[in-house]
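Colleague: how would this look folded up:
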Amino acid sequence: MIDKFLNDQQDPKAVEKVYTRLVDLLTTGEEIIYIATQKKPLVNILPDCVALTNKRVLFFTPANLGLSIKFIDFVWKDIVDVLIKEEIIGAIFTVRTTNGGEMGVDYLPKVQARKLYQYAQQRKEDEREARRLRDLEEKRAESGSINFGEHGNAQSQPAAQAPTPEPQPAPMIAASPVQEVPKQDELTEKLKKLRTLFENGLISQEEYNAKKLELLSDL
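Modeller: Numbers count the residues shown, from 1 in each chain. Predicted structure coming up:
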């Protein structure tokens, strides 16, 4: 079952662990597209992994000396950007989310990082198209509700009636973020401080990823 995920120098044991966990996490209609495994120089006993499905991106990190495995996932509609940075040894694959979150894995074999980037870009294109179609449907629905509700006055005041439905959803849209701002601001500050520690060389990439996983898992 996992043979198709071992074509690009993936670690078989790591893929097997991730695949076993993944099949229990898949939702209806969700399919695994690709699994990439970290390849650290010298010692690569407990590599991090990245898995792509048609619905989300999942980052897996071994815990308890490899006895368990933690994960954090991001659905495609919440991902605003995907990046790869190729270095002398391997490459870094990173995703950025709409709430300012960022998650990445380093020391990925370059061929795997490129495949992740290729598949992720395609999924982002698909999500953008789906979002565009949803927006069109919503506009059509709004237009239909306006004509139906104001049928008696539609001919006499067409211009004045068009804006009437727009103020109605505005309070609903504004109300939701207001409640989440403190948590998002607090999380953003913690992520910035964590990033600063990493960039200043005070913590390693693994420590940075593990702490970031812990912070984002509280969302």
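Colleague: going forward, measure contacts between C-alpha atoms and count neighbours the same way
Modeller: Will do.
Colleague: Report the central residue of this structure.
Modeller: Phe74 (3.1 Å; C-alpha atoms, centre = their mean).
Colleague: Secondary structure element holding it?
Modeller: Element membership for Phe74, per DSSP states H and E: strand 68-75.
Colleague: Sort out which residues of that strand are buried, please.
Modeller: Buried residues in strand 68-75, counted by 16 or more other C-alpha atoms under 10 Å: Ile69, Lys70, Phe71, Ile72, Asp73, Phe74.
Colleague: same deal with stretch 7-19?
Modeller: In stretch 7-19, counting by 16+ other C-alpha under 10 Å, buried: Gln10, Asp11, Ala14, Val15, Glu16, Lys17, Val18, Tyr19.
Colleague: got it, and stretch 197-217?
Modeller: For stretch 197-217, a neighbour-count test (16+ other C-alpha under 10 Å) marks Phe198, Gln205, Glu206, Tyr208, Asn209, Ala210, Lys212, Leu213 as buried.
Colleague: Are we agreed that the fifth one is in a helix?
Modeller: Okay, so that is Asn209. Yes - counting by DSSP: H, G, I helix; E, B strand; the rest coil, Asn209 is found in a helix.
Colleague: any idea how far it is from Leu25?
Modeller: To Leu25, Asn209 is 21 Å away according to C-alpha to C-alpha, to the nearest Å.
Colleague: ok, now how distant is Gly104 from Val50?
Modeller: 9 Å.
Colleague: Report the helix or strand with the lowest average pLDDT across this structure.
Modeller: The least trusted helix or strand in the chain, going by mean pLDDT, DSSP states H and E, turns out to be helix 158-161, with a mean of 49.
Colleague: can you give me the helices in the chain?
Modeller: 12-25, 110-149, 158-161, 169-199, 205-216 (DSSP state H).
Colleague: tell me the contacts of the spatially closest residue to Arg114 that is not a sequence neighbour?
Modeller: Leaving aside its chain neighbours, Arg114 sits nearest to Ile84 (7.4 Å; criterion: C-alpha to C-alpha, 6 or more residues apart in numbering). The contact partners of Ile84, taken as C-alpha atoms under 8 Å, 6 or more residues apart in numbering, are Ala91, Ile92, Phe93, Thr94, Ala113, Arg114, Tyr117.
Colleague: how about a cut-off of 10 Å?
Modeller: 91-95, 104-106, 108, 110, 113-114, 116-117 (C-alpha atoms under 10 Å, 6 or more residues apart in numbering).
Colleague: Check the spacing between it and Ala210 real quick.
Modeller: To Ala210, Ile84 is 19 Å away according to C-alpha to C-alpha.
Colleague: and if you look at Lys193?
Modeller: Lys193 is 14 Å from Ala210, where distance means C-alpha to C-alpha.
Colleague: so which of the helices of the chain comes closest to Ile79?
Modeller: Among the helices of the chain, helix 110-149 comes nearest to Ile79, with 7.9 Å by C-alpha to C-alpha.
Colleague: Could you give me the buried positions within the closest one?
Modeller: 110, 112-114, 116-117, 119-120, 123-124, 127, 146-147.
Colleague: picking up where we left off before, now the helices of the chain in JSON lines, with distance to Ile35?
Modeller: Output for those, formatted as JSON lines (distance: least, C-alpha to C-alpha, whole Å):
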{"stretch": "helix 12-25", "distance to Ile35": "7"}
{"stretch": "helix 110-149", "distance to Ile35": "8"}
{"stretch": "helix 158-161", "distance to Ile35": "53"}
{"stretch": "helix 169-199", "distance to Ile35": "26"}
{"stretch": "helix 205-216", "distance to Ile35": "18"}
